[in-house]
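Chemist: Next input, structure requested:
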Amino acid sequence: MSSTPPSAAEARRLLASRKIEKVVVLGANGTMGYGSAALFTTAVPEVTFLARTKAKAEEGLGAAIKQVRSPTVASRSHVGSYEDDLEAAVAGADLIFEALTEDFGVKKEMFDKVEKLRRDDSIVATVTSGLSINALCEGRSDSFRQHFLGLHFFNPPNVIVGTELIAGNDTAPEVVDFIDAFSRLRLGREMIRTADTPAFAGNRVGFKVLNEAAQLAEELGPVLVDRLIGPYTGRAMTPLATIDLVGWDIHRAIVDNVYELTDDEAHETNKLPAYMDRLMERGVLGNKTGRGFFFRDEEKNRHVLDPASGDYRPLGEAKLPDLSYIDAVSALYAEGRYKEGMQAFLTADGDEAAIARKVIAGYIGYAFQRVGEVTETIDGIDRIMGMGFNWAPPSVLVDTMGGAAVAVDMIDKAGLSVPSILEEAAKSGEPKRFFDTPRINIGRFFVAG
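Modeler: This next block holds a predicted model:
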């Protein structure tokens, strides 16, 4: 499937060729479910929130209204339960959007019901964060497979515009193009077409870095890791705080899926740390359970996890080495001197700076190695990391540090595999810049901290 989206004129023609006036969201009580449903109300006159019970669906609607603070959500929404309302809602829907828990069996069971109830021309989309699109529709009717695809929003969808579009082997090209056009023009999405590979593009690259941070936390402690791989390395939120926000269970589902189904050069980096498994058995799941790598007590004092013991200690007790280089980098970024800030990072002394450089070298190298596997070009990975994860795109980092030759040297010094794309660019001197998306302001990725 081509990664080339329809032109503006073609997109308008596609939108005129088919109408989406009724959307049903399955699993509308979950954060992704109600967030997606709220997004659909901005473009569609009728959105039905469905959950196990009507009360759960009403909770989802209430959360959606609170999240986006718009009366449009309530005026365009209906609520119902699977038992009482699934048949009528699915039969009348132009788009059936599945946002159930990230469990293959649960999704398959729901699609068994949807397949019997849907119209032949209705589109079925899953917001799965990495399960196989082809496996989810395996053995289903021609009509279902031709109208089935992945539409992976990132949370919260009303804020994060990066969206992955994943076609199956049998998805009709005109359906892919239509959903691309609808999502871009009606929903305001930044669309990235990815291959049907484990975790697709954004999560494949992003969770490798997040899990590497979790592995490092066992040795260095969470406070130091989040400082070393903090905002100055090109991310809006520190990695372990991100895992707490996403949920340890979701994190495990993604990295376990990648670890099981792939065998790439960074395979062991995707292995979930054993201490996280042990703590999840005790109910530690991140912010949703009040405890993860960090938590706040009743007096709002922050505490941090000791991965070895599973106990928590006051955050203020954590002792950090001299990390003054981070302040120096951040000060340069604050003045818009991004290249100088990057040079200060690349030349900083000390073991801690070397650890941080290795993680960032791994991020860049892993992303460029995935070209041709998860997206056709680095542009797709760049845009989903920038507009989905709110991380500095790999190409932006390469350009800012001085080009491919500098990046190759950094990756090589870290003892990591050098991608052929960067190696060839270092030898030829072309391209002089990898990132060429003028509508994305790269300054947003160079933040202090």
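Chemist: residues touching Gly80, list them.
Modeler: With contact set as C-beta atoms under 8 Å, 6 or more residues apart in numbering, Gly80 has these partners: 48-50, 54, 57, 86, 89. All C-beta spots, glycine's among them, are computed from the backbone N, C-alpha and C.
Chemist: Neighbour-wise, which one of the residues you listed leads?
Modeler: Phe49 (33 neighbours; other C-beta atoms under 10 Å).
Chemist: Distance-wise, check that one relative to Val106.
Modeler: Between Phe49 and Val106 the distance is 18 Å, computed by C-beta to C-beta, to the nearest Å.
Chemist: again with Arg227
Modeler: Between Arg227 and Val106 the distance is 38 Å, computed by C-beta to C-beta.
Chemist: Pick out whichever of those two has more residues nearby.
Modeler: A direct count of neighbours by other C-beta under 10 Å for Arg227 and Val106 places Arg227 higher, at 21 against 13.
Chemist: Could you single out the nearest of the contacts of Gly80 to Asp180?
Modeler: The nearest member of the contacts of Gly80 to Asp180, counting by C-beta to C-beta, is Thr48 at 23.7 Å.
Chemist: Help me confirm that that closest one comes into contact with Ser81.
Modeler: No: using C-beta atoms under 8 Å, Thr48 is not in contact with Ser81; the gap is 10.9 Å.
Chemist: so where do the helices sit in the stretch 251-400 of the chain?
Modeler: Remark: helices assigned in the stretch 251-400 of the chain by DSSP state H, counting those that start in this stretch are 274-281, 324-334, 338-346, 351-369, 378-387, 394-401.
Chemist: Repeat that for the stretch 51-200 of the chain.
Modeler: 54-68, 71-75, 82-92, 104-117, 133-136, 142-146, 173-185.
Chemist: For the last one, output the C-alpha coordinates as CSV.
Modeler: This means helix 173-185. Listed next in CSV are the C-alpha coordinates belonging to helix 173-185 (Å, rounded to 0.1, in the frame of the first residue of the first chain):
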residue,chain,number,x,y,z
PRO,A,173,-7.3,1.1,-1.7
GLU,A,174,-10.3,3.5,-2.1
VAL,A,175,-11.3,2.9,1.5
VAL,A,176,-7.7,3.7,2.7
ASP,A,177,-7.7,6.8,0.7
PHE,A,178,-11.1,7.9,1.9
ILE,A,179,-10.3,7.4,5.5
ASP,A,180,-7.0,9.3,5.0
ALA,A,181,-8.9,12.2,3.4
PHE,A,182,-11.6,12.2,6.0
SER,A,183,-9.1,12.1,8.9
ARG,A,184,-7.0,14.9,7.5
LEU,A,185,-9.7,17.3,6.3
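Chemist: buried ones in it?
Modeler: Taking 16 or more other C-beta atoms under 10 Å as the neighbour-count basis, helix 173-185 is seen to contain the buried residues 175-185.
Chemist: Looking at those residues, point me to the pair that's furthest apart.
Modeler: Spatial extent of these (C-beta to C-beta) is set by the pair Val175 and Leu185 at 16.0 Å.
Chemist: just the strands in this protein please.
Modeler: Across the chain, reading from the start of the chain, the strands by DSSP state E fall at 22-26, 46-51, 77-81, 95-98, 123-126, 148-153, 162-167, 190-194, 294-296, 302-305, 312-314.
Chemist: Turn the ones you listed into a markdown table, including mean pLDDT and distance to Leu220.
Modeler: Written out in a markdown table, the entries for the strands of the chain read as follows (pLDDT from 0 to 100; distance: least, C-beta to C-beta, whole Å):
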| stretch | mean pLDDT | distance to Leu220 |
| --- | --- | --- |
| strand 22-26 | 98 | 41 |
| strand 46-51 | 98 | 41 |
| strand 77-81 | 97 | 47 |
| strand 95-98 | 98 | 39 |
| strand 123-126 | 98 | 37 |
| strand 148-153 | 98 | 32 |
| strand 162-167 | 98 | 30 |
| strand 190-194 | 97 | 33 |
| strand 294-296 | 95 | 15 |
| strand 302-305 | 96 | 12 |
| strand 312-314 | 95 | 15 |
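Chemist: Can you tell me which of those is nearest to Glu423?
Modeler: Ranking those by proximity to Glu423 (C-beta to C-beta) places strand 190-194 first, at 24.2 Å.
Chemist: ok, Ile123 - contacts?
Modeler: Residues in contact with Ile123 (C-beta under 8 Å, 6+ apart) are 20, 94-96, 147-149, 175, 178-179.
Chemist: Show me what it is bridged to.
Modeler: Beta-bridge partners recorded for Ile123 (DSSP bridges): Leu95.
Chemist: Tell me the spacing between it and Ser77.
Modeler: In this structure, Ile123 lies at 20 Å from Ser77, with C-beta to C-beta as the measure.
Chemist: Break the chain into its domains for me.
Modeler: If the domains of the chain are taken from automatic domain parsing, they occupy 8-194, 202-445, with pieces of a single domain joined by a plus sign.
Chemist: Can you check the distance spanned by the longest one, start to finish?
Modeler: Spelled out, it's domain 202-445. Its start and end residues considered, domain 202-445 measures 16 Å (C-alpha to C-alpha, to the nearest Å).
Chemist: same question, stretch 186-206
Modeler: Counting by C-alpha to C-alpha: the opening and closing residues of stretch 186-206 are 27 Å apart.
Chemist: Now it: buried residues?
Modeler: Applying a neighbour-count criterion of 16+ other C-beta under 10 Å, one finds 186-187, 189-206 buried in stretch 186-206.
Chemist: What of stretch 74-91?
Modeler: Buried residues in stretch 74-91, defined by neighbour count with 16+ other C-beta under 10 Å: 76-77, 79-80, 82, 85-86, 89-90.
Chemist: Pass me the low-pLDDT residue ranges in this structure, would you?
Modeler: By pLDDT under 70, the weakly predicted segments of the chain are 1-3, 449.
Chemist: Let's see that with 80 instead.
Modeler: Along the chain, segments meeting pLDDT under 80 span 1-4, 447-449.
Chemist: And the contacts of stretch 184-195?
Modeler: Under the criterion C-beta under 8 Å, 6+ apart, residues 1-3, 5, 11-12, 15, 20, 39-40, 42-43, 161-167, 176, 180, 183, 200-202, 373-376, 380, 383-384, 387-388 lie in contact with stretch 184-195.
Chemist: Got a ChimeraX select line for the buried ones in those residues?
Modeler: Buried members of those, identified by 16+ other C-beta under 10 Å, are gathered into one ChimeraX selection as follows:
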select :1,5,11,15,20,39,40,42,43,161,162,163,164,165,166,167,176,180,183,200,201,202,374,375,376,380,383,384,387,388
